[in-house]
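*Asks:* How does the following fold in three dimensions:
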Amino acid sequence: MEEWTDELGLLASQLGMSGQVQGSSTSGQLPCPASVSDNPTNFRRYTRSMIKRCAVTLFLAAAALASGAEPSFPTSRTDQTVDVVHGVKVADPYRWLEDQNSPETRAWIEAQSKYARSLLDKVPGRDRIRARLTTLMHRDEINVPLSAADLYVFTRRLADRNQPDVYVRRGPEGKDELLIDVNKLSPDHTKSVELYSLSRDGRLLAYGMRNGGEDEVILKIHDFEHQRDLADTFPPGRYGVPVFRSDASGFYYNTLTKDGSRIRFHPLGTPVANDKLIFGEQLDRTQGCAIGSGPGSKYLQLTVFHGGTRTDLYLKLLDSDQPFVPVVQGIDANFYGIPAGDKLFIHTDWKAPNGRVMSVNPENPTREFWREIVPEGSFALDSVTATGGRLLLSYLDNASTTMVIHDTDGRKLRTVEAPHFGTATNFNTSDDNHGEVLYQFVSFVTPPEVDRVNLASGRGNLWGSSPIDFQSRDYSVQQVWYESKDKTRVPMFIVMKKGTVLDGSRPALLTGYGGFQVPKTPYFKALEATWVESGGILAVPNLRGGSEFGQEWHKAGMLENKQNVFDDFIGAAEYLIREKYTNSTKLAIIGRSNGGLLVGAAETQRPDLFQAVICGYPLLDMVRYHQFLVAKLWVPEYGSSEDPKQFPYLLKYSPYHNVKPGVNYPATLFVTGDSDTRVAPLHARKMAARLQAVNPTDRPILLLYDTKSGHSAGKPVNAQVEEWTDELSFLFSQLGMSADR
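*Replies:* Predicted coordinates:
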């Protein structure tokens, strides 16, 4: 009888039925006594008996599975792929999953999706989570408008719509008119629109049509005078923001080709195939570029990015066919041009890691004649906007926005009042809006609103808001500081219900980014709002690799210093546990893209700290990442395994290569989709397979895979609600939380 129990236990465990058969053993042994194996007759009898008993066992196992027993994860075959990189053998047993379109991979994805659904769909309270997210997400939203010639063009999503539609407002107080009904572009609402730029006369609008979450768009030009799109047809691609000539006869645009970024000029009404290449032949796939102009400026500026620590700056007359003239080249610092009228301002971290502002004569941009007008301050300078003879400088004051108005000689005029612990972003202006700047303001507990400020008077007012059923006054936002592994002090925002008792028992969600000079500043998200409403604590540290404290903070978290980012994140987790906000059985982490790499590294380096992980659209194979899609652009940030000096540190932290058998990894939910054309979804596929194969516990390793989802914006609200319902259901089930408010 004991032997049968062992057999049932083994089969039940292999079929994911652990706990369904009382008294089962997980020894995995099917013993054949020596007395039996030594006698051929007894061996045949024993074998027939075993076959009968196994048949009964399989029948019982199948019956238990059919009655609702939890299925096991799909098995993933391994192969013997081993690369030799700089003399080091690097195993890649799931290389076959890199082929996204092979029948085997597609069958594997389908099996993984069914497995994930079989668990996520059964989480108690899931319907309540969905209902709350639906309320928070289905609300009116308005975005910062483009403006020109007293015309405002913007996207707005009404509460009952899945995608933002495009509207026009003629004059600051004009009536909003529907321009593009985006929700009618596709039956499943997966097509979306991204606004790019207006011609100075307000007659033409450049915008992109996106399918799903792909980075690629179809570039279109709308003619307001004739109320139609022009016949100029652009193929799907990755386009930067186009800049129209002052007479709107054509526009400059940037596109990313298989060889690198290229700048072209398109005369309206001519074939796109004939567009003249005006810059970029010297650039490779590791370099990006962007173009721009400014209010009333007769200049077009070009920025070439060499990673996040160096940019080159060029200038040309907007309405001429003359080539770009270099303003600065080859200096290991960032230079961002701000053309305005007949002036050029430069925001730079050259000899000023926190940033400063220089004034340059565009007619003679030689560096020896540059003039510093706003020196480096104690806070990181985030952006500079110029209009109406004034400058609006946005600073990161310990990762929260402070805005200051200066005149064009650099004299400080006034500070713009803004709530504490908030983020101002998406600054926009034109030469026709009387010195006004429009921008988005948001915090952890208030949704985005569009504000405007007059730089001459300093007065501001609300341009558009998004009312929401969320009681901001019930929550506290604090900023704490902790020490990382190397004693560097790191700040962290903590959001929770007022009156929360810190006894170490609260569920906590830790998130971060730490890369590419991207600051992690206060922002409102429905997922996080639902989390704190349900009694969870939200923690957001400002990791090295971002721009919260200038260029030195960024450099301390890139290339060979990337481990500092992971140490900062792990230090945040240790702080939350030490200070009794939570404990390791109640702590979850979440990150996307570069943040997906972050949580993948944290999970493999300190699995004991976390109960659950959500890893979205991640980079995880850091040995081969640069070989896929647009990832060569990130080599200046991460490095490349092709470099013998960079390979060792990449391999040392690469999450995929640091999964070890027998380790109790946290429950993990990977999120990705076919339409991610930025970070190849193969990372999540391979990592899910590898973690499932070594997982010795019953903690689930799931892959949430959407065939239409991708990295970029554009996912319909209903689809966002479903994805976040899955993520919160996963977190609630793993941390023992209730979905009741």
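*Asks:* quick one: low-confidence parts of this structure?
*Replies:* Across the chain, the ranges flagged by pLDDT under 70 are 1-71, 419-420, 432-433, 708-713, 740-741.
*Asks:* try it again with 50
*Replies:* 1-69 (pLDDT under 50).
*Asks:* how's it carved up into domains?
*Replies:* The record assigns the chain these domain ranges, following automatic domain parsing: 2-66, 82-134+470-735.
*Asks:* tell me the contacts of the nearest residue to residue 393 once chain neighbours are set aside?
*Replies:* Spatial nearest neighbour of residue 393, chain neighbours left out: residue 404 (4.9 Å); criterion: CB to CB, 6 or more residues apart in numbering. Backbone N, C-alpha and C define where each C-beta goes, glycine included. Applying CB atoms under 8 Å, 6 or more residues apart in numbering to residue 404 gives the contacts 392, 393, 395, 412, 414, 415, 416.
*Asks:* How far does the helix or strand where residue 450 lies sit from its chain's centre?
*Replies:* Using DSSP states H and E, residue 450 sits in strand 449-454. For strand 449-454, the separation from the chain centroid amounts to 26 Å (computed by CA atoms, centre = their mean, to the nearest Å).
*Asks:* Stretch 425-445 too?
*Replies:* Distance of stretch 425-445 from the chain centroid (CA atoms, centre = their mean) equals 23 Å.
*Asks:* Can you give me the buried ones in that stretch?
*Replies:* Neighbour-count burial for stretch 425-445, counted by 16 or more other CB atoms under 10 Å, picks out 425-433, 435-445.
*Asks:* Kindly report the same for stretch 186-193.
*Replies:* The neighbour-count check on stretch 186-193 (16+ other CB under 10 Å) flags 189, 190, 191, 192, 193 as buried.
*Asks:* residues in contact with it?
*Replies:* Stretch 186-193 has contacts (CB under 8 Å, 6+ apart) with 155, 162-164, 166, 180, 182-183, 185, 207-212, 708, 713-716, 718-719.
*Asks:* make it 7 Å
*Replies:* 155, 162-163, 166, 180, 182-183, 185, 207, 209-212, 708, 713-714, 716 (CB atoms under 7 Å, 6 or more residues apart in numbering).
*Asks:* quick revisit: quick one: strands adjacent to the strand holding residue 450?
*Replies:* Strand 449-454 pairs in its sheet with strand 436-443 (antiparallel), strand 460-464 (antiparallel), by DSSP bridges.
*Asks:* Could you dump those into CSV with distance to residue 594 added?
*Replies:* As requested, those are exported to CSV (distance: least, CB to CB, whole Å):
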stretch, distance to residue 594
strand 436-443, 21
strand 460-464, 31
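*Asks:* ok, back up a step: give me the buried entries from the contacts of stretch 186-193.
*Replies:* Buried, going by 16+ other CB under 10 Å: 155, 162-163, 166, 180, 182-183, 185, 207, 209-212, 708, 714, 716, out of the contacts of stretch 186-193.
*Asks:* before we move on, the earlier item: JSON lines for the buried residues of stretch 186-193, including distance to residue 115 and secondary structure?
*Replies:* Shown next, in JSON lines, are those (distance: CB to CB, whole Å; DSSP: H, G, I helix; E, B strand; the rest coil):
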{"residue": "189", "distance to residue 115": "27", "secondary structure": "coil"}
{"residue": "190", "distance to residue 115": "25", "secondary structure": "coil"}
{"residue": "191", "distance to residue 115": "30", "secondary structure": "strand"}
{"residue": "192", "distance to residue 115": "30", "secondary structure": "strand"}
{"residue": "193", "distance to residue 115": "36", "secondary structure": "strand"}
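*Asks:* Tell me the one of those residues nearest residue 464?
*Replies:* Checking these against residue 464 with CB to CB, the nearest one is residue 193 at 17.7 Å.
*Asks:* Quick check: the closest one vs residue 730, distance?
*Replies:* Counting by CB to CB, to the nearest Å, the separation of residue 193 from residue 730 is 32 Å.
*Asks:* thinking again about what came up before, for the strand holding residue 450, C-alpha coordinates in CSV please.
*Replies:* C-alpha atoms of strand 449-454 as CSV (Å, rounded to 0.1, in the frame of the first residue of the first chain):
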residue,chain,number,x,y,z
GLU,A,449,-3.9,67.3,-15.4
VAL,A,450,-2.8,69.8,-18.0
ASP,A,451,-1.7,73.2,-16.6
ARG,A,452,-0.5,76.3,-18.3
VAL,A,453,1.7,79.1,-17.1
ASN,A,454,2.3,82.6,-18.5
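*Asks:* heads up, I number from 12, so please use that
*Replies:* I'll keep to 12 as the first residue from here, and by that count the last item is strand 460-465.
*Asks:* count of residues packed around residue 339?
*Replies:* Per other CB atoms under 10 Å, the neighbour tally for residue 339 reads 21.
*Asks:* gap between it and residue 728?
*Replies:* As judged by CB to CB, residue 339 and residue 728 stand 44 Å apart.
*Asks:* Quick check: residue 404 vs residue 142, distance?
*Replies:* 43 Å.
*Asks:* Compare neighbour counts for the two and give me the winner.
*Replies:* When neighbours are counted by other CB under 10 Å, residue 404 and residue 142 differ, and residue 404 comes out ahead with 22 against 13.
*Asks:* Just the buried residues of the strand or helix carrying that one, please?
*Replies:* Using DSSP H and E, residue 404 sits in strand 401-408. Residues 401, 402, 403, 404, 405, 406, 407 are the ones in strand 401-408 that count as buried (16+ other CB under 10 Å).
*Asks:* Likewise for stretch 498-508?
*Replies:* Neighbour-count burial for stretch 498-508 [16+ other CB under 10 Å]: 501, 502, 503, 504, 505, 506, 507, 508.
*Asks:* got the contact list for the nearest residue to the third one once chain neighbours are set aside?
*Replies:* What that stands for is residue 503. Closest residue to residue 503 apart from its sequence neighbours, by CB to CB, 6+ apart: residue 552 at 4.0 Å. Residues in contact with residue 552 (CB under 7 Å, 6+ apart) are 501, 503, 523, 579, 580, 583.
*Asks:* can we see that at 8 Å?
*Replies:* Shown in contact with residue 552 (CB under 8 Å, 6+ apart): 493, 501, 502, 503, 504, 521, 523, 531, 579, 580, 583.
*Asks:* out of the residues you listed, who's nearest residue 306?
*Replies:* Among these, residue 531 lies closest to residue 306 (CB to CB), at 30.7 Å.
*Asks:* On the three-state scheme, that closest one is what?
*Replies:* coil (DSSP: H, G, I helix; E, B strand; the rest coil).
*Asks:* Number of residues surrounding it?
*Replies:* 22.
*Asks:* Distance check, it against residue 209.
*Replies:* Taking CB to CB, one finds residue 531 at 31 Å from residue 209.
*Asks:* Then residue 638?
*Replies:* With distances taken as CB to CB, residue 638 is found 39 Å from residue 209.
*Asks:* which parts of the strand holding residue 461 are buried?
*Replies:* Taking 16+ other CB under 10 Å as the criterion, strand 460-465 shows 460, 461, 462, 463, 464, 465 as buried.
*Asks:* who touches the fourth one in this structure?
*Replies:* When the contact criterion is CB under 8 Å, 6+ apart, the partners of residue 463 are 447, 448, 449, 450, 471, 472, 473, 474.
*Asks:* Same check on the second one?
*Replies:* The contact partners of residue 461, by CB under 8 Å, 6+ apart, come to 153, 154, 155, 156, 449, 450, 451, 473, 474, 475, 476.
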